[in-house]
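Enquirer: Fold the following and give me the result.
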Amino acid sequence: QVQLVESGGGLVQAGGSLRLSCAASGGTFGSAIMGWFRQAPGKGREYVAAVSRYGGNTFYTDSVKGRFTISRVNAKNTVYLQLNSLKPEDTAVYYCAGTRGIVTGWPPSHQAYVDWGQGTQVTVSS
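Expert: Numbering: from 1, shown residues only. Presented below is the predicted three-dimensional model:
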């Protein structure tokens with residue numbers, strides 16, 4: 001059973017930075033494409049970023065390009081999301097997620113992610 005545990009969320013002023021971490025256990029981390037999603041109050045879950053199995057390919061949604069960076073360290077079974085130049089509209093619960101097995105296309109579809117963490121709250125004040 002794969003477990004994903006996010007950490008690093010918090011309250012930060014606009015323009016500030018946070019680093020989210022997602023630690024994986026119970027599976028083969030290196031074989032999973034990892035992604036970060038977020039869900040703001042009253043809105044649907046948004047696909048924020050993804051990183052390929054060995055980190056060679058990344059994906060970012062347009063609203064975070066140039067501000068967020070996704071990375072992974074397979075030896076630590078951990079994926080990170082560096083959040084810089086934060087804006088109030090970045091306020092959301094951030095979730096990490098992982099794929100299993102064969103995945104076609106890049107970035108993977110939302111539906112390709114089968115393992116999910118419980119989320120960590122990021123609140124950006126203006």
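
Enquirer: Flag the shaky bits of the chain, pLDDT-wise.
Expert: Along the chain, the model assigns pLDDT under 70 to no residue.

Enquirer: who's in contact with the residue nearest to Ala97 when sequence neighbours are not counted?
Expert: Ranked by C-beta to C-beta, 6 or more residues apart in numbering and with sequence neighbours excluded, the top spatial neighbour of Ala97 is Tyr113, at 3.8 Å. For glycine as for every other residue, the C-beta is placed from the backbone atoms N, C-alpha and C. Tyr113 makes contacts with 35, 37, 97-99, as judged by C-beta atoms under 8 Å, 6 or more residues apart in numbering.

Enquirer: Tell me which residues touch the residue positioned nearest the centre of the chain, please.
Expert: Here the mean C-alpha position of the chain is nearest to the C-alpha of Trp36 (C-alpha atoms, centre = their mean), at a distance of 2.0 Å. Taking C-beta under 8 Å, 6+ apart, we find Trp36 in contact with 20, 22, 48-50, 70, 79, 81, 94-97.

Enquirer: What of Tyr47?
Expert: Shown in contact with Tyr47 (C-beta under 8 Å, 6+ apart): 35, 37, 61, 107, 110.

Enquirer: Count the residues that sit near the second one.
Expert: Other residues within reach of Phe37 by the criterion other C-beta atoms under 10 Å amount to 23.

Enquirer: Name the residues of stretch 106-122 that are buried.
Expert: Burial within stretch 106-122, assessed by neighbour count using 16 or more other C-beta atoms under 10 Å, is assigned to 107-108, 112-113, 115-117, 119-120, 122.

Enquirer: how distant is it from the center of its chain?
Expert: Chain-centre distance of stretch 106-122: 7 Å, with C-alpha atoms, centre = their mean, to the nearest Å.

Enquirer: Alright, that wraps it up for me.
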